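Undergrad: Sequence first, then the predicted structure, then my questions.
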Amino acid sequence: MAEVVSAQGSIELRGATAAVWNVSTLNTLLCPGDSIRVGRRSRAALLLLDTGAVVRIDQLTTLQILESPQEGRSLIDLLRGIVHFFTRLPRSLEVR
C-alpha cells in the first residue's frame, strides 16, 4: 500500500496485528492496517503505491494506512499531527 521513501530522525512502524512499535528504515513497505509515527524533530515521507501520491509526515504525527474500498484511491487515518500531500490526481486520496 505504501513505501517509506524518506526518513529523518525517529520513525517507527507498527504492523496491523502487532502490539509494539519497531524502528523504520528507508524502503520499508506498509500493508493495510499498518501505522507509522514520527518522533520529535523528525520527519518522513510515504509513497502511496495505489495512486503515486506522496505524503510528507511532520514531527509528532501518527497515521494508519487503510485499504480503500475503491480501486485507484488511497485511504489514510490521521490519528495525530500534520501531513502534507502531493498528488497529480484530484480526489485520489481520502483522509479520515
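TA: Structure received.
Undergrad: Next one, pLDDT for Ala45 please.
TA: We have a pLDDT of 96 for Ala45.
Undergrad: That one: how many residues sit nearby?
TA: Residues lying near Ala45 (other CB atoms under 10 Å) number 17. C-betas here are computed from N, CA, C, even on glycine.
Undergrad: how many other residues sit next to the closest residue to it other than its chain neighbours?
TA: In this structure, Ala45 finds its nearest non-sequential neighbour in Ser6, 3.8 Å apart by CB to CB, 6 or more residues apart in numbering. Counted with other CB under 10 Å, residues neighbouring Ser6 total 14.
Undergrad: Tell me the strands beside whichever strand or helix holds Ser6, with direction?
TA: Assigned by DSSP states H and E, Ser6 belongs to strand 2-8. Take DSSP bridges as the rule and strand 2-8 pairs in its sheet with strand 29-30 (antiparallel), strand 43-48 (antiparallel).
Undergrad: Any buried residues in stretch 73-86, and which?
TA: Arg73, Ser74, Leu75, Ile76, Val83 (16 or more other CB atoms under 10 Å).
Undergrad: Next, the distance between the ends of it.
TA: 14 Å (CA to CA, to the nearest Å).
Undergrad: residue nearest the centroid of this structure?
TA: For the chain, the residue nearest the mean C-alpha position is Leu46 (5.2 Å; CA atoms, centre = their mean).
Undergrad: And the buried residues of stretch 73-86, which is closest to Asn22?
TA: Ile76 (19.5 Å; CB to CB).
Undergrad: Could I get the contacting residues of the closest one?
TA: Residues near Ile76 by CB atoms under 8 Å, 6 or more residues apart in numbering: Leu48, Val55, Leu63, Gln64, Ile65, Leu66, Val83, Leu93, Glu94, Val95, Arg96.
Undergrad: which neighbours does the host helix or strand of the fourth one have in its sheet, and in what orientation?
TA: So that's Gln64. Assigned by DSSP H and E, Gln64 belongs to strand 61-66. Strand 61-66 pairs in its sheet with strand 35-38 (antiparallel), strand 74-80 (antiparallel), by DSSP bridges.
Undergrad: how far does that strand sit from the chain's center?
TA: Using CA atoms, centre = their mean, to the nearest Å, the mean C-alpha position of strand 61-66 is found 5 Å from that of the whole chain.
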